[in-house]
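S.K.: Build me a model:
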Amino acid sequence: MTLLGDPSILVMVDPDFTAPTPNPMTWETEPYENGPGVVKMIAATAVDNEGADVQYYFQCVSGGGRSSVWQNSPVYTDTSVVQLVSSYRVKARDMSDHKNETAYSDEVFVTIQPYPYLGQPLTIPGKIQAQYFDVGGQNATYYDTTANNSGGQFRTREDVDIAAINDGSANYAIDNIETGEWLLYTVNSSPAQTCLYARVASVQEGGQILVWLDDDLLATVNVPNTGSLTAWRNVILNDLILPEKNNAALKLEFVGTGFRLNWIAFQNQSPYLGYASSIPGRIQFEDFDIGGQDISYYDTTSGNSYGEYRPDEDVDIMAVPGGFGVYMSANDWMEYTCTSEAGYYTMTVRHASNQKTQTLILSDDSGVLAEVELPKTGGYNNWQDTVVSNLFLPGGEERVIRFQMAASIGLLDYVDFIRQFNSADLDGSGFVDLEDFSIFSSQWLGEPNELSADLMPEGGDQWVDLLDLITLTENWLSY
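M.R.: Reported below is the predicted structural model:
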């Protein structure tokens with residue numbers, strides 16, 4: 001019995017020890033596939049004999065789904081189901097003091113179709129991150145020789161081993177690869193003659209990646225010993241022919257062990273580090289684009305004479321203090337994909353040579369941007385900075401710039417681009433516009449503020465007047 005209300009009035013209420021009905025719970029609509037990776041289900045409406053509210057709990061008993069929390073609705077939709085077959089059951093409880101629960105319903109199995117991880121087929125030519133294999137589970141969209149994700153990263157409910165890495169930027173890679181393992185990707189393929197790039201790290205030679213498109217073997221990638229599982233290298237296969245196919249199965253089959261896979265790419269040019277270089281910033285000359293001879297570089301001699309970095313490329317790269325340098329001869333060129341802010345820059349080229357003055361040309365698709373005379377430094381161990389000011393670079397995303405040695409021979413380490421800001425660009429946006437005029441007008445015939453409009457004379461005179469206005473108008477709508 002329970003005492004309720006005003007203590008001067010006794011109201012005796014029987015406690016509720018009875019579960020809702022039906023008990024055991026039943027289904028109104030058994031679990032069914034409701035889209036890629038989506039399973040929907042509806043429990044029978046539960047009723048509490050004492051009139052209490054009712055909640056439902058849906059349990060994923062097996063497979064790749066997730067259980068619900070206790071919820072008021074008899075409808076549950078499980079998203080991101082990661083295995084083809086999963087099973088569910090449901091129970092209910094009342095919201096009395098005792099929260100009486102029904103027994104579980106019958107366990108019901110549901111089958112879904114495999115689906116692309118990103119929701120749509122991947123596109124080739126193009127780049128594919130290895131961890132974006134299709135969803136469907138063991139023996140359906142992947143095969144892994146061990147249970148669970150030993151790396152514990154990214155897709156943690158699946159059995160493929162995925163490790164967090166830093167390959168120029170934070171990312172993920174397939175790890176603990178063993179012979180017989182494979183990954184499947186749904187792709188749309190456009191007809192093309194292209195290169196295949198595989199970004200790998202390995203502690204030994206002998207590993208292979210077999211690349212299949214449906215039942216056709218496109219390529220076999222031989223994985224070299226890169227020195228460690230954190231030393232990444234691009235393995236390149238040329239002249240692959242891609243057919244036109246939609247919803248095709250691209251399969252990566254692994255042979256050997258002791259290596260990791262970051263990504264593969266069917267393409268003809270892309271940034272070597274996987275992302276565009278930023279300008280302002282520094283570009284290492286040895287990090288020219290992926291693409292190969294006549295695509296992302298041109299070298300007058302075959303092979304990498306020194307083999308100390310990117311040994312499979314024809315560009316001659318040697319170790320220098322602090323990193324690597326590119327040995328360039330007349331007519332050699334290299335290209336770099338960049339994201340740049342439009343404006344004027346100071347460009348500093350780090351170089352060494354015992355030859356006569358070299359001419360280095362910087363260009364993009366608009367034409368020649370600069371010709372730089374690199375003086376003789378007295379030897380390949382004597383490094384010097386040559387500085388070029390007032391260099392204008394167009395802005396834009398994924399722009400390609402080219403450095404070409406027009407004459408002589410030199411060793412190039414890196415190039416720095418430092419932004420030059422117009423003194424009339426008061427807000428530092430890179431362009432003299434209405435925002436700057438607004439700052440200027442707020443200080444007119446007064447003392448300058450923190451964003452000073454005191455432009456003239458050089459160094460300022462602590463007063464914003466006609467001289468400053470003349471400077472602003474002379475630089476109006478300029479970088």
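S.K.: pLDDT weak spots in the stretch 1-150 of the chain?
M.R.: 1-14 (pLDDT under 70).
S.K.: quick one: the strands in it?
M.R.: In the stretch 1-150 of the chain, the strands defined using DSSP state E, counting those that start in this stretch lie at 2-3, 12-13, 27-33, 39-43, 54-62, 75-78, 85-94, 108-111, 122-124, 126-129, 142-143.
S.K.: Adding mean neighbour count and distance to residue 202, write those out as a markdown table.
M.R.: To be clear about C-beta, it is placed using only N, CA and C from the backbone, and glycine gets the same treatment. Converted to a markdown table, those look like this (neighbours: other Cβ atoms under 10 Å; distance: least, Cβ to Cβ, whole Å):
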| stretch | mean neighbour count | distance to residue 202 |
| --- | --- | --- |
| strand 2-3 | 10 | 71 |
| strand 12-13 | 10 | 73 |
| strand 27-33 | 16 | 40 |
| strand 39-43 | 22 | 40 |
| strand 54-62 | 19 | 37 |
| strand 75-78 | 18 | 39 |
| strand 85-94 | 22 | 35 |
| strand 108-111 | 16 | 38 |
| strand 122-124 | 20 | 24 |
| strand 126-129 | 18 | 18 |
| strand 142-143 | 20 | 21 |
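S.K.: Please tabulate the ones you listed in a markdown table, including the columns distance to residue 245.
M.R.: Shown next, in a markdown table, are the strands of the stretch 1-150 of the chain (distance: least, Cβ to Cβ, whole Å):
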| stretch | distance to residue 245 |
| --- | --- |
| strand 2-3 | 71 |
| strand 12-13 | 70 |
| strand 27-33 | 25 |
| strand 39-43 | 30 |
| strand 54-62 | 35 |
| strand 75-78 | 32 |
| strand 85-94 | 28 |
| strand 108-111 | 26 |
| strand 122-124 | 9 |
| strand 126-129 | 14 |
| strand 142-143 | 21 |
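S.K.: between these, which gets nearest to residue 198?
M.R.: Of all these, strand 126-129 sits nearest to residue 198, with 10.3 Å by Cβ to Cβ.
S.K.: I'd like the distance between the nearest residue to residue 343 once chain neighbours are set aside and residue 95.
M.R.: Distances taken as Cβ to Cβ, 6 or more residues apart in numbering put residue 479 closest to residue 343, at 4.3 Å, once the chain neighbours are dropped. Look at residue 479 and residue 95: by Cβ to Cβ, to the nearest Å, they are 67 Å apart.
S.K.: do residue 465 as well
M.R.: Relative to residue 95, residue 465 is positioned 76 Å away (Cβ to Cβ).
S.K.: do the same with residue 86
M.R.: Between residue 86 and residue 95 the distance, using Cβ to Cβ, works out to 29 Å.
S.K.: what do you get for residue 251?
M.R.: Relative to residue 95, residue 251 is positioned 52 Å away (Cβ to Cβ).
S.K.: These two: which has the busier surroundings?
M.R.: Neighbours of residue 251 and residue 95, each counted by other Cβ atoms under 10 Å, are more numerous for residue 251; the result is 20 against 16.
S.K.: That one bridge partners, please.
M.R.: Beta bridges link residue 251 to residue 184, residue 212, judged by DSSP bridges.
S.K.: Tell me which residues touch it, please.
M.R.: Contacts for residue 251 (Cβ atoms under 8 Å, 6 or more residues apart in numbering) come out as 182, 183, 184, 185, 210, 211, 212, 213.
S.K.: Return the member of the residues you listed nearest to residue 269.
M.R.: When the contacts of residue 251 are compared for distance to residue 269 (Cβ to Cβ), residue 211 wins out at 19.8 Å.
S.K.: number of nearby residues for that closest one?
M.R.: By the criterion of other Cβ under 10 Å, residue 211 has 21 neighbours.
S.K.: quick one: residue 224 and residue 295, what's the gap?
M.R.: The spacing between residue 224 and residue 295, counted by Cβ to Cβ, is 22 Å.
S.K.: typed the wrong thing, it's residue 189
M.R.: Distance, residue 189 to residue 295, using Cβ to Cβ: 20 Å.
S.K.: what about these two, which has more around it?
M.R.: Set residue 189 next to residue 295 and count neighbours by other Cβ under 10 Å: residue 189 wins out with 23 against 15.
S.K.: Might one say that that one is in contact with residue 249?
M.R.: No: with contact defined as Cβ atoms under 8 Å, residue 189 does not count as touching residue 249 (10.6 Å).
S.K.: list residues touching both of the two?
M.R.: Residues touching both residue 189 and residue 249 comprise residue 213, with contact defined as Cβ under 8 Å, 6+ apart.
S.K.: Would you mark the buried spots in stretch 221-233?
M.R.: Neighbour counts over stretch 221-233 (16 or more other Cβ atoms under 10 Å) mark 221, 223, 224, 225, 226, 229, 232, 233 as buried.
S.K.: Could you find the closest non-adjacent residue to the fourth one?
M.R.: In space, not counting the residues next to it along the chain, residue 225 is nearest to residue 205; the distance is 4.7 Å by Cβ to Cβ, 6+ apart.
S.K.: okay, the one you found: pLDDT?
M.R.: On pLDDT, residue 205 comes in at 95.
S.K.: Name the helix or strand for it, please.
M.R.: Assigned by DSSP states H and E, residue 205 belongs to no helix or strand.
S.K.: OK, contacts around it?
M.R.: For residue 205, the contacting residues are 223, 224, 225, by Cβ under 8 Å, 6+ apart.
S.K.: Skipping adjacent residues, who's closest to the first one in space?
M.R.: In other words, residue 223. Spatial nearest neighbour of residue 223, excluding adjacent residues (Cβ to Cβ, 6+ apart): residue 207 at 3.6 Å.
S.K.: Which parts of this structure are helices?
M.R.: Along the chain, the segments classed as helices by DSSP state H run 434-442, 466-474.
S.K.: now the ones you listed in a markdown table, with mean pLDDT?
M.R.: Formatted as a markdown table, the helices of the chain follow (pLDDT from 0 to 100):
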| stretch | mean pLDDT |
| --- | --- |
| helix 434-442 | 81 |
| helix 466-474 | 78 |
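S.K.: burial of residue 258, as a residue count?
M.R.: 17.
S.K.: From residue 314, how far out is the residue minimising distance to the centre of the chain?
M.R.: Closest to where the C-alpha atoms of the chain average out (Cα atoms, centre = their mean) is residue 171, at 6.7 Å. Per Cβ to Cβ, residue 171 is found 28 Å from residue 314.
S.K.: and if you look at residue 326?
M.R.: For residue 326, the distance to residue 314 - Cβ to Cβ - is 12 Å.
S.K.: Look at the two and report which has more neighbours.
M.R.: residue 326 (28 against 17).
S.K.: The nearest residue to the more buried one once chain neighbours are set aside: neighbouring residues, count only.
M.R.: Nearest non-adjacent residue to residue 326, counting by Cβ to Cβ, 6+ apart: residue 285, 4.3 Å away. A count of nearby residues for residue 285, using other Cβ under 10 Å, gives 24.
S.K.: Hmm, residue 393 and the residue nearest to residue 343 touching each other?
M.R.: No: with contacts counted by Cβ under 8 Å, residue 479 stays clear of residue 393, the gap being 9.5 Å.
S.K.: Mind listing the shared neighbours of the two?
M.R.: Counting by Cβ under 8 Å, 6+ apart, the shared contacts of residue 479 and residue 393 are 342, 343, 344.
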